[in-house]
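In: Sequence first, then the predicted structure:
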There are 2 protein chains.
Amino acid sequence: MESSNLTKPMTAEVISTDQLLAHWQGHRQLTRRVIEAFPEDQLFTFSIGGMRPFGEMAKELLGIAVPGAKGMATEEWETLDENMDLEGSKEKLLAAWDKATEELNHWWAKIPSDHFQDTVVAFGQYKDKVYCSILYFIDNEIHHRAQAYVYLRALGITPPNFWER
Amino acid sequence: MESSNLTKPMTAEVISTDQLLAHWQGHRQLTRRVIEAFPEDQLFTFSIGGMRPFGEMAKELLGIAVPGAKGMATEEWETLDENMDLEGSKEKLLAAWDKATEELNHWWAKIPSDHFQDTVVAFGQYKDKVYCSILYFIDNEIHHRAQAYVYLRALGITPPNFWER
């Protein structure tokens, strides 16, 4: 019976760094389709209950993803900047999104594989373990994108299926 | 220089099984506060754009969490059941939520630590790796809870802070 125990590692992996990146990029692809689903004239204007329009939330997501991964890779942090000038343009938002997709892959590859359990101060202000911060970045994207699902439904538009990535 | 390399394992862990459970239960605590924030008469009735009331979404989350973890632990799956009878009662929903919190801990502890990279057919119909299915369960909760944030804002109620778990 000992030999069968030996075939299994003491600690098995829950998720690899490559798998976590693929998980995030899958969500980012869905978020891109949600941006695309908005009529241009509603993306930066439509709101419910005093909340931000989804275009503004998407700018927050852009301000987090690449600077977040770059910070984890380099341990150098800039201040969180959610206010890039996209001139209220859906085309410019989608172009910025696609640029970020490539840059996220670039910086992710430079995060040391043994860095995920380290504690960092993300953006110079959020102290947490690396894996917690990265899950927070992803969860925050799911959270705001889900709010866009309600905006789209309120506008009479069927959003993309949540399970398609 | 070789000795410093030897202090680091070849493959470092991104997240442990205990950490993934804590991550999920942290989200579940926040979801509980969102349920609590709803006026009883709106929890199972208020809707935007033809979407389900949040009480119904919460029943879906209950139908997934414990049966999902139990299935991963036992490899025996029941059909997905999102329709437990809570009689439209916020108190009954919260009681079911708290019971599920304990049961999730119970079944999670029985999932073999080397099972997360295996492929399963969750609920007899969703084929994916264990870690993907579990992330899907968590992401689905974040997604629907975020829709409840819009409902609360539309009702003039300030929802709990997203970052407090």
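Out: In hand now; what should we look at? Numbers count the residues shown, from 1 in each chain, chains lettered A, B, ... in the order given.

In: State the helix or strand in which the most centrally placed residue in chain A lies.
Out: Closest to where the C-alpha atoms of chain A average out (CA atoms, centre = their mean) is residue A:138, at 4.3 Å. Assigned by DSSP states H and E, residue A:138 belongs to helix A:130-154.

In: What residues does the residue nearest to the centre of chain A make contact with?
Out: Shown in contact with residue A:138 (CB atoms under 8 Å, 6 or more residues apart in numbering or on different chains): A:23-24, A:27. C-beta here means a position set from N, CA and C on the backbone, and glycine is covered the same way.

In: Return the closest of those residues with respect to residue B:71.
Out: Proximity of those to residue B:71 (CB to CB) peaks at residue A:23, which lies at 20.7 Å.

In: I'd say that closest one and residue B:135 touch.
Out: Yes: checked against CB atoms under 8 Å, the pair residue A:23 and residue B:135 is within contact range at 6.2 Å.

In: out of the two, which sits in the busier spot?
Out: Just comparing residue A:23 and residue B:135: by other CB atoms under 10 Å in any protein chain shown the higher neighbour count belongs to residue B:135, 24 against 19.

In: For the more buried one, report the pLDDT, please.
Out: Residue B:135 carries a pLDDT value of 98.

In: Verify the stated contact: it with residue A:22.
Out: No: applying CB under 8 Å, one finds residue B:135 not in contact with residue A:22, separated by 11.0 Å.

In: re the thing from before, now do the shared contacts for residue A:23 and residue B:135.
Out: By CB under 8 Å, 6+ apart, the residues touching both residue A:23 and residue B:135 are residue A:15.

In: For the helix or strand hosting residue A:65, list the C-alpha coordinates in CSV.
Out: Here residue A:65, judged by DSSP H and E, is contained in helix A:54-74. The C-alpha coordinates for helix A:54-74 follow below in CSV (Å, rounded to 0.1, in the frame of the first residue of the first chain):
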residue,chain,number,x,y,z
PHE,A,54,-20.6,50.8,-16.8
GLY,A,55,-18.0,52.6,-18.9
GLU,A,56,-16.7,54.3,-15.7
MET,A,57,-16.6,50.9,-13.9
ALA,A,58,-14.7,49.5,-16.9
LYS,A,59,-12.1,52.3,-16.5
GLU,A,60,-11.6,51.2,-12.9
LEU,A,61,-11.1,47.6,-14.1
LEU,A,62,-8.4,48.8,-16.6
GLY,A,63,-6.8,50.9,-13.9
ILE,A,64,-6.4,47.7,-11.8
ALA,A,65,-5.5,44.8,-14.1
VAL,A,66,-2.3,45.7,-15.8
PRO,A,67,-0.9,48.0,-13.1
GLY,A,68,-1.8,45.3,-10.6
ALA,A,69,0.0,42.5,-12.4
LYS,A,70,3.0,44.9,-13.2
GLY,A,71,3.2,45.7,-9.5
MET,A,72,3.2,42.1,-8.5
ALA,A,73,5.9,41.4,-11.0
THR,A,74,8.2,44.4,-10.3
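
In: Number of residues surrounding residue A:71?
Out: Applying other CB under 10 Å, we find 21 residues neighbouring residue A:71.

In: what separates residue A:114 from chain B, distance-wise?
Out: Going from residue A:114 to chain B by CB to the nearest CB, to the nearest Å gives 3 Å.
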